[in-house]
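> missing the sequence, but the structure's below:
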């Protein structure tokens, strides 16, 4: 332990050099902008600044990339709250409560809650990196294909609480999402399905154009419906809010700690970690809340739960990248490539051979999240001005940004056509009360579910019963079943209570 | 009624997709086939559901008009370049929705907006947008 503490002290002395602080401030600012623009992500930002990072000192470059990473995850919440368009997929559950809050004229409050959640989750993940790297990497090694399959089932179980009033339509939307996720090459042989000769579809539908198509454009069409009406789409807010009072945030301490734990655990899952973590934490917050019916109508707890978890999840994914050499996400892969370019091999030996470098990065990740907190306050003040733009000017600009975001994702017009078609379908279906979030959740989890099911099938030689002998699989499966059944059991109990009350 | 139409369209599409899977390997078709069967069952439930829900479309005329404009914008973009098509789209959108502003101001503003977006994405971020004339 003493050794770790002296390494951390050394890390602080590296991080607090003038150029390093400057690089981190630059990284966080750029990262937040990248995160807030739909279609651009932490990965794009990091990849773009990789050449600059290469020319800087190793530590300075890594800290800048860490700043972009943390800033982008926070930035996702800004557009999610203001316009209901998640800047990154992980900010999807933030829209559930953040957007209603900003429609009711509480935009700066929602942004502040998002900022506090992000910063808390980020600091939590820095602590995980500093003190829990060995146990987390030990758990991560137990995560094989069966466990990841169980994790995707756990994620799907969350659907039971986001389906809305009509469960047939909710399940319908989630199955549709799973079907859309199977388009393209199959995970075993690479045989193409549902592509009909279109070679853009071989790798399947990309997530970004579908998020923009199903959430962003229908929202703009919603705004258009509201044109020339007395009632404003965004209620104006007159109260300026610069900071949250300590009391307003301290009453949610337990919620933030719980969300961080969920984030740290689920963040181990490659690729979809932060997104699943955000959904699960949102779901848990809703179930644990005393007034679950206010969720979805602008409850700040929803914003906090989702933002804390998706930032806490970065800890898990960075542990995986640095101590095991497995890139859990595209952003982590860019970070690894920055290390490899300078001659450091990420993996189990990195921590032994270059402890001062790794701990400087861990400490830097902590400082970066503190910086997110301070720089974020500037964005919080600037954000609500977006809503002051007249809707008739804002609406076409959002549409243009959606088109550019989709285009930049693959640099082809095909993604833009996907936005166009999916937005028309989504607009009609949302008008008919089909929920969108189960569709997107299933779309994110579909590939993970299918690919890991087949890998589990292959490693057990077709005898799938063998996976039930893995303790970790059983634990996650049990969690999935509990999550799935809780809303139903609660509903039955409530009905019985009402019955007893009337008799 | 509209739920029924959606249900029937989904059943027909799923049957067609099931048909397209018939010659694939077992690993390729097992997962989608199972999903499609569940999907067909759900669609049948939608068709026979008797609950009536109100679906309200407001201001349908201007929504359709703007959708058409969006269509035109996307299809014209590869042919006339990003800046021109975006300027036309934003200014037409604002003029159609009858926002009280001088037409020259609208056009200058949309030109500025599209040039700023082009500058940020194409010049700073290195994402080449479709461009012909500029």
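Good, I have the coordinates. Computed from a predicted model, the values in this text were never measured in an experiment.
> what comes up buried for stretch B:92-105?
For stretch B:92-105, the neighbour count (16 or more other C-beta atoms under 10 Å in any protein chain shown) marks B:92, B:93, B:94, B:96, B:97 as buried. C-beta here means a position set from N, CA and C on the backbone, and glycine is covered the same way.
> what segments of the stretch 151-300 of chain A are helices?
A:159-162, A:167-181, A:207-211, A:217-225, A:246-250, A:253-266, A:273-288, A:300-319 (DSSP state H, counting those that start in this stretch).
> re the thing from before, chain A next: which of the buried residues of stretch B:92-105 are close?
B:93, B:94, B:97 (C-beta under 8 Å from any C-beta of the partner chain).
> and the first one, what does it touch?
I take that to be residue B:93. A:392, A:395, A:396, A:399, B:66, B:69 (C-beta atoms under 8 Å, 6 or more residues apart in numbering or on different chains).
> residue 16: neighbour count?
Assuming you mean chain A. Applying other C-beta atoms under 10 Å in any protein chain shown, we find 12 residues neighbouring residue A:16.
> actually chain B
Residue B:16, neighbours per other C-beta under 10 Å, totals 10.
> residues of the stretch 301-450 of chain A that sit close to chain B?
Checking the stretch 301-450 of chain A against chain B by C-beta under 8 Å from any C-beta, the hits are A:390, A:392-393, A:395-397, A:399-401, A:403-404, A:407-408, A:411, A:413, A:416-417, A:420, A:424, A:429, A:431-433, A:450.
> one more time with 6 Å
A:392, A:396, A:400, A:404, A:408, A:413, A:416, A:420, A:431, A:432, A:433, A:450 (C-beta under 6 Å from any C-beta of the partner chain).
> now the residues you listed as JSON lines including neighbour count and secondary structure?
Below are those laid out as JSON lines (neighbours: other C-beta atoms under 10 Å in any protein chain shown; DSSP: H, G, I helix; E, B strand; the rest coil):
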{"residue": "A:392", "neighbour count": "20", "secondary structure": "helix"}
{"residue": "A:396", "neighbour count": "26", "secondary structure": "helix"}
{"residue": "A:400", "neighbour count": "22", "secondary structure": "helix"}
{"residue": "A:404", "neighbour count": "26", "secondary structure": "helix"}
{"residue": "A:408", "neighbour count": "23", "secondary structure": "helix"}
{"residue": "A:413", "neighbour count": "17", "secondary structure": "helix"}
{"residue": "A:416", "neighbour count": "25", "secondary structure": "helix"}
{"residue": "A:420", "neighbour count": "21", "secondary structure": "helix"}
{"residue": "A:431", "neighbour count": "17", "secondary structure": "helix"}
{"residue": "A:432", "neighbour count": "15", "secondary structure": "coil"}
{"residue": "A:433", "neighbour count": "15", "secondary structure": "coil"}
{"residue": "A:450", "neighbour count": "23", "secondary structure": "helix"}
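> just put the residues you listed in a markdown table and tack on pLDDT.
Converted to a markdown table, those look like this (pLDDT from 0 to 100):
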| residue | pLDDT |
| --- | --- |
| A:392 | 85 |
| A:396 | 90 |
| A:400 | 90 |
| A:404 | 87 |
| A:408 | 82 |
| A:413 | 87 |
| A:416 | 91 |
| A:420 | 92 |
| A:431 | 86 |
| A:432 | 85 |
| A:433 | 83 |
| A:450 | 90 |
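> pick the one among those residues closest to residue A:139.
residue A:450 (24.1 Å; C-beta to C-beta).
> what's in contact with the longest helix seen in chain B?
Taking DSSP state H as the criterion, chain B has its longest helix at helix B:26-48. By C-beta atoms under 6 Å, 6 or more residues apart in numbering or on different chains, the residues outside helix B:26-48 that reach it are A:168, A:172, A:175, A:178-179, A:182, A:186, A:188-189, A:191, A:193, A:450, B:3-4, B:7, B:10-11, B:14, B:17-18, B:21.
> how about stretch A:366-382?
With C-beta under 6 Å, 6+ apart, stretch A:366-382 has contacts from A:15, A:24, A:28, A:32, A:66-67, A:70, A:74, A:108, A:111-112, A:115, A:119, A:122-123, A:126.
> just the buried ones among these, please.
A:15, A:24, A:28, A:32, A:66-67, A:70, A:74, A:108, A:111-112, A:115, A:119, A:122-123, A:126.
> residue A:435 falls within a helix, correct?
No: counting by DSSP: H, G, I helix; E, B strand; the rest coil, residue A:435 is located in no helix; its state is coil.
> now the residue of chain B most remote from its centre: how far from residue A:281?
Distance from the C-alpha centroid of chain B, by C-alpha atoms, centre = their mean, peaks at residue B:26 (33.9 Å). For residue B:26, the distance to residue A:281 equals 38 Å [C-beta to C-beta, to the nearest Å].
> low pLDDT regions in chain A?
A:164, A:230-231, A:237-240, A:270-272, A:501-503 (pLDDT under 70).
> what residue lies at the spatial centre of it?
Closest-to-mean residue, chain A, C-alpha atoms, centre = their mean: residue A:90 / 1.5 Å.
> that residue contacts residue A:279, doesn't it?
No: contact criterion C-beta atoms under 6 Å: residue A:90 and residue A:279 do not qualify, at 9.2 Å.
> how is chain B partitioned into domains?
Domain assignment of chain B by automatic domain parsing yields the ranges B:2-48, B:60-124.
> so how far is the shortest one off the chain centroid?
Right, domain B:2-48. 23 Å (C-alpha atoms, centre = their mean, to the nearest Å).
> what residues does the stretch 151-300 of chain A have near chain B?
A:168, A:172, A:175, A:178-179, A:182, A:186, A:188-189, A:191, A:193, A:221, A:224-225, A:227.
> so which bits of chain B are right by chain A?
B:2, B:24-25, B:27-28, B:31-32, B:35, B:38-39, B:42, B:45, B:53, B:55, B:58-59, B:62-63, B:66, B:74, B:78, B:86, B:90, B:93-94, B:97, B:99, B:121, B:127.
> buried ones among the residues you listed?
B:24, B:27-28, B:31-32, B:35, B:38-39, B:42, B:62-63, B:66, B:74, B:86, B:90, B:93-94, B:97, B:121, B:127.
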